[in-house]
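Chemist: The sequence and its predicted three-dimensional model are supplied below.
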Amino acid sequence: MFYYFLYPLRDLFSGFNVFRYITFRAALASVTAFLISVLVGPFIIRALNHLKIGQTVRRKDVPDLYPLHKHKEGTPTMGGVLVIFAIVTSCLLWADLTNRYILVCLVSIVWLGMVGFLDDYLKLLKSDSKGLQATMKLAGQVMLGVGVAAFVFFSPPSQTTLEIPFLKNLFIPLGGFYLIFIVLVIVGSSNAVNLTDGLDGLAIGSISMVALTLCIFSYVVGNAVFCEYLWFTHLPGSGELTVFCAALFGGALGFLWFNSHPAEIFMGDTGALALGGSLGVVSVLIRKELILFLAGGIFVVEALSVMMQVASFKFRGKRIFLMAPLHHHFELKGLNETKVVVRFWIVGIILVLICFATLKLR
């Protein structure tokens, strides 16, 4: 909005020319989203408490974990509404709303937020941890994935190849499978973040790291000079995604303000599905799906631990981990919740640094 109304006034006052720069608007988008989260957060928490929208820890579902998480009962959930509101509002203020990439991301985060909200609402309404049927939830995610895949396929430059980090001349041709791959990336990232959201601050802290990584890559891919120097495929207009990722980074940090241990609010599926899916959408739009896989290694490992656990128990009748996702395994091994979270963050930071190394090592 500011870009749309203030940048045209640059002829009247040269200071308005600053709204031309993506870096300026991205920085302010990040700060704006952070401030909205921090300032609006207490009101959301009080409202959720008043409506008795609290976390339920069911003993029969997690008997071994119940003693460790009993104190979380009653903590307000569905807090994803807060971070989504912060991100969308910040983008409306600082992003170029005529940019097609921004519009896709805004539609994506709102759509997945609605799917997650319905899931959380049904859990509270039925006092049942199952919530929305898995097939219905998956259908909502797949619908978005198909829409984004169609957008990518018909948006120039159209491509059906997968770029390999560290190698500048290696592209894997996927053909029509690339569209299916896009759907898998978006659905997978959405669900992987949801699985990771089990300890105070773990998921949202990891999201902030991945958002910052994609913020840098979005800026590079949208800049013709950088692309020529770094041998990236230039995607005109994609640089505006820097603003969206910056808002996501700021909103995540603002939510972490309240979600850090001991958490005052939880994201619920409302936030986890929306934010995880948004990371997948951005990585697809800038053609950096494997960078998401690397930067979001924590989410990947968490999701793999669940799949391995289920497969092992089904075919061997034995568990690999004490409990899945992986963070619960370490909890049951005796590690303090905060120590588990911080160590996962440390691994996440290392993975992000490796991603930044791929910018030059190609």
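Modeler: Received, thanks.
Chemist: Run through who's touching stretch 341-359.
Modeler: By CB atoms under 8 Å, 6 or more residues apart in numbering, the residues outside stretch 341-359 that reach it are 165-166, 199-202, 205-206, 209-210, 212-213, 216-217, 220, 230, 261, 291, 294-298, 327. Placement of C-beta: from N, CA and C, glycine included.
Chemist: Mind checking which of those are in helices?
Modeler: Members of those lying in helices (criterion: DSSP state H): 202, 205-206, 209-210, 212-213, 216-217, 220, 230, 291, 294-295, 297-298, 327.
Chemist: check contacts around Gly140.
Modeler: Trp111, Leu112, Met114, Val115.
Chemist: you'd agree it is in a strand?
Modeler: No - using DSSP: H, G, I helix; E, B strand; the rest coil, the secondary structure at Gly140 is helix, not a strand.
Chemist: Tell me the spacing between it and Arg287.
Modeler: Distance, Gly140 to Arg287, using CB to CB, to the nearest Å: 25 Å.
Chemist: now the strand or helix carrying Gly116: mean pLDDT?
Modeler: Element membership for Gly116, per DSSP states H and E: helix 100-126. For helix 100-126, mean pLDDT rounds to 92.
Chemist: Only the buried residues of it, if you could.
Modeler: Neighbour counts over helix 100-126 (16 or more other CB atoms under 10 Å) mark 101-106, 108-109, 111-113, 115-124 as buried.
Chemist: quick one: buried residues of the helix or strand containing Phe34?
Modeler: Using DSSP H and E, Phe34 sits within helix 22-50. Of all the residues in helix 22-50, those buried under the rule 16+ other CB under 10 Å are 22, 25-34, 36-38, 40-41, 44-45, 48.
Chemist: what do you get for stretch 179-192?
Modeler: For stretch 179-192, by 16+ other CB under 10 Å, it's 179, 181-192.
Chemist: List the contacts of it.
Modeler: 108, 112, 138, 141-142, 144-146, 148-150, 152-153, 160, 162, 174, 272-274, 276-277, 279-281, 283-284, 289, 292, 296, 299-300, 302-303.
Chemist: Just name the shakiest helix or strand of the chain by mean pLDDT.
Modeler: Within the chain, no helix or strand scores below helix 66-69, which has a mean of 63 by mean pLDDT, DSSP states H and E.
Chemist: chain center to the very next helix or strand once past it, what's the gap?
Modeler: Where DSSP H and E defines the elements, the next helix or strand beyond helix 66-69 is helix 80-94. From the chain centre to the centre of helix 80-94 is a distance of 13 Å (CA atoms, centre = their mean, to the nearest Å).
Chemist: which helices and strands does helix 80-94 pack with?
Modeler: helix 2-6, helix 22-50, helix 100-126, helix 241-259, helix 268-285 (3 or more CB pairs under 8 Å, 6 or more residues apart in numbering; DSSP states H and E).
Chemist: how does it look with 6 Å?
Modeler: Here helix 80-94 touches helix 22-50, helix 241-259, helix 268-285, going by 3 or more CB pairs under 6 Å, 6 or more residues apart in numbering; DSSP states H and E.
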